[in-house]
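Novice: Need a 3D model of the following:
(chains A and B, ligands or ions: 1)
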Amino acid sequence: MTGSMPTYLGMPSFPEAAREAVGDTLLRRNLAHATGTIRARRAEAVAELPDWERLRGSARQIKDHTLAHLGHYLRLLEERVTGAGGTVHWAADAAEANAIVAALVEATGETEVVKVKSMATQEIGLNEALAEAGITAYETDLAELIVQLGDDRPSHILVPAIHRNRAEIRDIFRRAMPDAPAGLSDSPAELAEAARRHLRAKFLSARVAVSGANFAVAETGTLVVLESEGNGRMCLTLPRTLITVMGIEKLVPTFADLEVFLQLLPRSSTAERMNPYTSMWTGATEGQDFHLVLLDNGRTDVLADEVGRQALRCIRCSACLNVCPVYERAGGHAYGSPYPGPIGAILSPQLRGVGSKVDASLPYASTLCGACFEACPVAIDIPEVLVELRARAVESARHPLTDAAMAAAGWTLRSPARLALAQRAAGRFRRLTPRRLPGPLRAWTDTRDIPRPPPESFRAWWERTDGGRRP
Amino acid sequence: MNSRAVNSSAVNSSAVNSRDRVLARIDAIVPPRPAAEIAAGRAAIERDYLRRHSTGDVLDLLADRIAHYRATVRRVTPAELPGAVAARLAGRVYAVPEGLPRAWLARADPARLVEDPPVADLDALDGAVTGCAVAIAETGTVVLDHGPGQGPRALTLVPDRHLVVVEAARVVADVPEALERLDPARPLTFVSGPSATSDIELSRVEGVHGPRTLDVLVVA
Ligand code: SF4
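Specialist: Numbers count the residues shown, from 1 in each chain, chains lettered A, B, ... in the order given. Okay, the predicted model is just below:
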């Protein structure tokens, strides 16, 4: 079931959008600072666990096992959630999911909902759909609030306002937050305090909340949300009605499986030993009405693709964004999708098909340096999927690259063996900087420096060391 | 009203179809297997990671890791506990959940304790004092299962301060041991430090919506 997700209106192809973004010095500076900081902290948090690779291996196997028996585990989840007093709804695509949520909200007689950040609801454009039904959705994550008040789009999975600095945030608050204190400064503590006061009344009066979920446990029907600010807890516990929208791939089989993901996810995403708050609940809790909306929206298409399927292991930690040289330069908006960065480059075209200009160009939004694969806590081989998608984009009549140079690049990219050769050849010049990105990305790097590539490509390293088994 | 009823029943019937369509599509891609085969597949998943990362004293580690989150933490003896609780509550009005051991509050001013307040009253209180179900030393995490002495979930969320008493017997070394002890049928809240955000230029700011002050007393 092919998915629909908003391709942001009039979205240009990735190279065009990226060219604009890399020209924005302020944006580049905000991004470089942010991704650099997260990278360093994350490396420390990961190094603290000597068994990181083993946790990663287990996580990969747990997710692959679940996907291989997805029908079984989804039916089990449905049975357990229903048994615990919750109601399960199924949505084949975005329109159905939005209609289900809107009808559930309407049934309560409310016209406002509070929301905790959720990739799935961004993917289906829920806020816009609710607005059409006369329902106002209030985003409650600080970053989402900044994005919403700034009439902007999120640019990072984890830090959606990563492209805004504190002075810009103060200006947005002064302009769009009616109860912002008159002398509001740009100190992060004051800005956070303003948001706390702004949203408190909303939380205390809200009767309906919409959330996503990080995990669902099939065996017990338990839903899991990880967060930092406490707005998640507010949304999950205070309103009488809770509606959770979750992709069908978010399952793990057993409660004990969470021991792997609760170790991997916080360290990999926010570089913490544990995020401030994790909430778990099973069915209708403390007298609430609980509705779980299970969303396909293209995921079964991804499941059907044997190479691409691994993208469904993603736990949305955003580590791959922070290590990606292309993301650091281009920013999240250039990807034209709620899923930016390397994971977005493989997930968006798979969920939506390569029909649009931006989706057809996304598989090229990478230098194939392999850093994303090495960072990924569930070991998704993003370069492998990219190469596969490129081969398809090249075969498809709709591929965006038609000049002779690209025909040559296409010839290279269609064959993994030829690609390996080309990469190795490029590696010989790795010490000669500045360089241009190969292929279609050249267009937007020809006036920019790109980061010095690693002395050896991941692929060359893998072959030389037999996947790290030889020094 | 009528159109609402029509709408939601239309949604319901299409949702039923969607369930069958989505599951049929999944079954066509990854065909159903016998339960025994699925169980065997699950058992074959390698789990060669460590059950715990440290072998030292779990109480020291817990205190160290909690302090790292900029929570205040102190180790006390059972005899010192009532005094330590009273010192932290001093001058403020705290919510007390049903089932909290009375001995913990022996030295606190009863006029400033509110027993089992309704949710609507919580915003006017300074804090809440609770026990916990489990504490995880490696990650500096306190886990509430909202049983006796812990209150409903809102109790430790709405007021700006949370004082939690951790008895030594509730402390485990690491995450896997914690999950073994917890019951997923209960609501669970894992708390690792005060609420925080790094959304503004990645500066960590304590306290956005949850309690901005987390006090922990470890009793041994
Ligand atoms: S692909 Fe891997 S690294 Fe990227 S967000 Fe998903 S889990 Fe994290």
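Novice: Looking at residue 122 now. What's its pLDDT?
Specialist: Defaulting to chain A. Per-residue pLDDT puts A:Gln122 at 89.
Novice: could you do chain B instead?
Specialist: 96.
Novice: cool, and the one 4 residues further on?
Specialist: Per-residue confidence at B:Asp126 stands at 97 (pLDDT).
Novice: And for it, the neighbour number?
Specialist: Per other CB atoms under 10 Å in any protein chain shown, the neighbour tally for B:Asp126 reads 16. Placement of C-beta: from N, CA and C, glycine included.
Novice: ok, the residue lying closest to it once chain neighbours are set aside - contacts?
Specialist: Spatial nearest neighbour of B:Asp126, chain neighbours left out: B:Arg92 (3.7 Å); criterion: CB to CB, 6 or more residues apart in numbering or on different chains. Going by CB atoms under 8 Å, 6 or more residues apart in numbering or on different chains, B:Arg92 touches B:Arg112, B:Asp126, B:Gly127, B:Arg161.
Novice: How about A:Ser268?
Specialist: A:Arg42, A:Ala45, A:Val46, A:Cys317, A:Ala319, A:Ala375, A:Pro377.
Novice: let's see 6 Å
Specialist: A:Cys317, A:Ala319, A:Pro377 (CB atoms under 6 Å, 6 or more residues apart in numbering or on different chains).
Novice: again, but for A:Leu389
Specialist: Per CB under 6 Å, 6+ apart, neighbours of A:Leu389: A:Pro349, A:Pro363.
Novice: Okay, and it sits in which element?
Specialist: A:Leu389 is part of helix A:382-395 when elements are defined by DSSP states H and E.
Novice: in that helix, what's buried?
Specialist: A:382-394 (16 or more other CB atoms under 10 Å in any protein chain shown).
Novice: Could you dump those residues into a markdown table and include pLDDT and distance to B:Thr213?
Specialist: Converted to a markdown table, those look like this (pLDDT from 0 to 100; distance: CB to CB, whole Å):
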| residue | pLDDT | distance to B:Thr213 |
| --- | --- | --- |
| A:Ile382 | 92 | 42 |
| A:Pro383 | 90 | 46 |
| A:Glu384 | 91 | 48 |
| A:Val385 | 89 | 46 |
| A:Leu386 | 87 | 47 |
| A:Val387 | 86 | 51 |
| A:Glu388 | 85 | 51 |
| A:Leu389 | 82 | 49 |
| A:Arg390 | 82 | 52 |
| A:Ala391 | 81 | 56 |
| A:Arg392 | 77 | 54 |
| A:Ala393 | 72 | 54 |
| A:Val394 | 71 | 58 |
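Novice: for chain B, what spans make up the strands?
Specialist: B:72-76, B:94-96, B:113-115, B:127-130, B:134-136, B:141-144, B:161-167, B:171-172, B:188-191, B:196-197, B:205-206, B:213-219 (DSSP state E).
Novice: Out of those strands, flag the one nearest A:Pro178.
Specialist: strand B:196-197 (21.5 Å; CB to CB).
Novice: Does chain A have contacts with that closest one?
Specialist: Yes: with CB under 6 Å from any CB of the partner chain as the criterion, chain A is reached by strand B:196-197 at B:Ala196, B:Thr197.
Novice: in the sheet, who's paired with the closest residue to A:Gln288 other than its chain neighbours?
Specialist: Nearest non-adjacent residue to A:Gln288, counting by CB to CB, 6+ apart: A:Leu242, 5.4 Å away. Beta-bridge partners for A:Leu242, by DSSP bridges, are A:Ala209, A:Phe290.
Novice: Can I get the helix holding A:Leu389 as PDB, trimmed to CA atoms?
Specialist: What follows is helix A:382-395 as a C-alpha-only set of coordinates in PDB (Å, rounded to 0.1, in the frame of the first residue of the first chain):
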ATOM      1  CA  ILE A 382      22.100   2.700   4.600                       C
ATOM      2  CA  PRO A 383      24.800   2.800   1.800                       C
ATOM      3  CA  GLU A 384      23.700  -0.600   0.600                       C
ATOM      4  CA  VAL A 385      20.000   0.500   0.300                       C
ATOM      5  CA  LEU A 386      21.100   3.800  -1.300                       C
ATOM      6  CA  VAL A 387      23.000   2.000  -4.000                       C
ATOM      7  CA  GLU A 388      20.000  -0.300  -4.600                       C
ATOM      8  CA  LEU A 389      17.700   2.700  -4.900                       C
ATOM      9  CA  ARG A 390      20.100   4.500  -7.200                       C
ATOM     10  CA  ALA A 391      20.100   1.600  -9.500                       C
ATOM     11  CA  ARG A 392      16.300   1.700  -9.600                       C
ATOM     12  CA  ALA A 393      16.200   5.500 -10.100                       C
ATOM     13  CA  VAL A 394      18.600   5.100 -13.000                       C
ATOM     14  CA  GLU A 395      16.500   2.400 -14.600                       C
END
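Novice: quick check, distance from it to the centre of its chain.
Specialist: 20 Å (CA atoms, centre = their mean, to the nearest Å).
Novice: Distance of the most centrally placed residue in chain B relative to B:Leu163?
Specialist: With the centre of chain B defined as its mean C-alpha position, the nearest residue by CA atoms, centre = their mean is B:Thr189, 2.1 Å away. Counting by CB to CB, to the nearest Å, the gap from B:Thr189 to B:Leu163 is 15 Å.
Novice: With A:Pro178 instead?
Specialist: A:Pro178 is 35 Å from B:Leu163, by CB to CB.
Novice: Might you enumerate the residues of chain A proximal to the ligand?
Specialist: With CB under 6 Å from any ligand atom as the criterion, chain A meets the ligand at residues A:314-320, A:343, A:375-378, A:380.
Novice: With distance to chain B as new columns, can those be given to me in JSON lines?
Specialist: Output for the residues of chain A next to the ligand, formatted as JSON lines (distance: CB to the nearest CB, whole Å):
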{"residue": "A:Cys314", "distance to chain B": "18"}
{"residue": "A:Ile315", "distance to chain B": "15"}
{"residue": "A:Arg316", "distance to chain B": "16"}
{"residue": "A:Cys317", "distance to chain B": "14"}
{"residue": "A:Ser318", "distance to chain B": "12"}
{"residue": "A:Ala319", "distance to chain B": "15"}
{"residue": "A:Cys320", "distance to chain B": "18"}
{"residue": "A:Ile343", "distance to chain B": "20"}
{"residue": "A:Ala375", "distance to chain B": "18"}
{"residue": "A:Cys376", "distance to chain B": "17"}
{"residue": "A:Pro377", "distance to chain B": "12"}
{"residue": "A:Val378", "distance to chain B": "13"}
{"residue": "A:Ile380", "distance to chain B": "17"}
